[in-house]
Structure formats: C-alpha cells, structure tokens
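1. here is my input, please return the structure:
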Amino acid sequence: MQVATAPSIAHRWPRDARAAMRLQARLAGRLSIGGGPRRVHLVAGADVAFAAGGEVLVAAVVLLRYPGMEIVESVAVRHRVTFPYVPGLLSFRESPAIVAAWRRLRRRPDLLLCDGQGIAHPRGLGLAAHLGLLLGVPAIGCAKSRLCGAHDEPGPRRGDRAALVLNGRVVGAVLRTRDRVRPLYVSPGHLLGVASAVRWVLACGGGFRLPEPTRRADMLVGRLARGLEAAAAGIAISTAPA
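-> Okay, here's the model as predicted:
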C-alpha cells in the first residue's frame, strides 16, 4: 500500500540566477510542511557527483525496502550541467538529473531523502523542497553542513538534536545520527514536518553518519564519477557493483 502523495509541479528551467530566485520564491509558497507519511515501504536516496571539471554530473536514485534497508533498485544518469554554480541555487544544477533518474525507476518510492537542504534555506526552497514539489513525494534534506540558521550544539549521543532556527522559525534539526560524530542538518522538504523528518532519518540509519538511502546513493555516484574521470584519462575501470 502506497502512502498518499501530492500532485507534482512542473516548471520551465531558468537559465540565470535572478529568474531562479524569483521561481524559488513562488515555489516556496506551494510547500506543505507538517505531518508526514504513516506507511512507508520503499525509501529512495538521491545524490549527485560532478565529473569532467564540473561540466558533467552523475545523479543516482537508490531505492531501498523499509525497514530492512535492502536495495531494491538503483538508477543513475549522466547529465551535462546547464546552470552555473550559485550558492543557494544548487537545486537548479542538480534537480533535472535527479528527476531524470527518478523517472526511470520501476517502482514509486514513498519517501525521498537527499543530500541537501529542505526548507533550511535562505528562500525556503533547498534541493529536498524543490524535488518534493517536482515529484509530489514526501522529501527530507539531510545535509552535511549548515547553509543558514542558528542552533545550539546537540548532545553527543545518537538521536540527540538541537533546533535549527532561521528568522525566528524552526526550519530543521541538527541531529546526531551516530554517537560522537558530526551531526547532520535535517530539514523537511515537502509533505512532512521537522519531527517526522528527524524520525525518518533515524529510522533509516544503518550505523553510519549518513542515513542508508543517501549513503548508498553517495557511494554509487562517487564510483560512477570516478569511472568517468578514469575513462577520460584512458584508465581501465571496474564496473563491479558495490
């Protein structure tokens, strides 16, 4: 049984930063933040890696069965980068390729975790929020570093957390996912709230700092991007699965 999802939202892809910022402002107003999925059977992790001097990116979506975290399906695509690097606009560089990979999945995920921000973003629309709207799926941002907001230091144990606050609003949590390791910056993207985002990140943990869906996606894109670099240098590479 699949969880309820929202209609996906389509838009034209802007080519410059000003148009992208205007679009972010419009899309942020269409986010649904609160609640969360009650039944999850398939969880997707998404990540990207760059190759060819930043001109090409590899995007992957890895689908895992919940709660066992067994890999069900993996899809990766290679895309030419079409949007410049601008802090706060990374979703315009990365989302088109992730969406292309998503559309090749044979099964529809119930929940998406990605390496990026959700609403913990200066204009309220990080990668996870943008993808949640584009795909009509509950989405969570699990970032390795802070983009904006202020917080106290969480406790040292797995599950300890501190509120991430931006302009007086709680936009996420600084979450310890493993004892005495650096925390992750978790924020809801779409169709769930902060508490639900934290709960699902912990539930999808596999004993590492990163939740298992994004860890697997990170491993896959890293291997494929290294393969592209090696191929460009004329080095033989292995294509054996991880």
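
2. CA atoms for contacts and neighbours, from now on please.
-> Fine.

3. can you mark which positions in stretch 72-92 are buried?
-> For stretch 72-92, burial by neighbour count (16 or more other CA atoms under 10 Å) applies to 74-79, 81, 83, 88-92.

4. farthest-separated two in these?
-> Across the buried residues of stretch 72-92, the longest distance by CA to CA is 27.8 Å; it joins 74 and 88.

5. any idea how far stretch 144-152 is from the chain center?
-> Distance of stretch 144-152 from the chain centroid (CA atoms, centre = their mean, to the nearest Å) equals 16 Å.

6. span of it from start to end?
-> End-to-end span of stretch 144-152 (CA to CA, to the nearest Å): 16 Å.

7. same question for stretch 133-142.
-> End-to-end distance for stretch 133-142: 17 Å, by CA to CA.

8. mind starting the numbering at 248 from now?
-> Sure, I'll start counting at 248 from here, so that last one is stretch 380-389.

9. roughly how far does residue 365 sit from residue 388?
-> Counting by CA to CA, the gap from residue 365 to residue 388 is 5 Å.

10. shared neighbours, those two?
-> Common contact partners of residue 365 and residue 388 (CA atoms under 8 Å, 6 or more residues apart in numbering): 373-376, 433-436.

11. which of the residues you listed tops the neighbour count?
-> Among the shared contacts of residue 365 and residue 388, residue 436 has the most neighbours (other CA atoms under 10 Å), with 40 neighbours.

12. wait, residue 432 sits on residue 396?
-> No - if you go by CA atoms under 8 Å, residue 432 and residue 396 don't touch, sitting 10.4 Å apart.

13. phi first, then psi, for the residue nearest to residue 385 when sequence neighbours are not counted.
-> Counting by CA to CA, 6 or more residues apart in numbering, residue 385 lies nearest to residue 438, which is 4.7 Å off, once chain neighbours are set aside. Dihedral pair for residue 438: phi 70, psi 20, per degrees, to the nearest 10.

14. restricting to C-alpha, output stretch 277-292 in CSV.
-> The C-alpha trace of stretch 277-292 is given here as CSV (Å, rounded to 0.1, in the frame of the first residue of the first chain):
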residue,chain,number,x,y,z
ARG,A,277,3.4,25.9,-2.5
LEU,A,278,5.2,23.7,0.0
SER,A,279,3.2,21.6,2.5
ILE,A,280,5.2,21.4,5.8
GLY,A,281,3.7,19.3,8.5
GLY,A,282,2.6,15.8,9.3
GLY,A,283,4.3,13.0,7.5
PRO,A,284,3.8,9.6,5.9
ARG,A,285,2.3,6.9,8.1
ARG,A,286,3.2,3.9,6.0
VAL,A,287,6.5,3.6,4.2
HIS,A,288,7.5,0.6,2.2
LEU,A,289,10.1,2.0,-0.2
VAL,A,290,12.6,4.8,0.6
ALA,A,291,14.7,6.5,-2.0
GLY,A,292,18.1,8.2,-1.5
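
15. off-centre distance for that stretch?
-> How far stretch 277-292 lies from its chain's middle: 13 Å, per CA atoms, centre = their mean.

16. how about residues contacting it?
-> Stretch 277-292 is contacted from outside by 248-251, 308-314, 355-361, 376, 380, 385, 435-441, 443-444, 459-464, using CA under 8 Å, 6+ apart.

17. go with 6 Å
-> 250, 308-313, 356-361, 437-440, 443, 460-461, 464 (CA atoms under 6 Å, 6 or more residues apart in numbering).

18. same thing with stretch 461-468?
-> With CA under 6 Å, 6+ apart as the contact definition, stretch 461-468 has outside contacts at 292-296, 305, 307, 309, 361.

19. off-centre distance for the longest helix anywhere in the chain?
-> Criterion DSSP state H: the longest helix present in the chain is helix 459-479. Centroid separation between helix 459-479 and its chain, computed with CA atoms, centre = their mean, is 15 Å.

20. in that helix, which residues are buried?
-> Buried residues in helix 459-479, counted by 16+ other CA under 10 Å: 459-465, 467-476.
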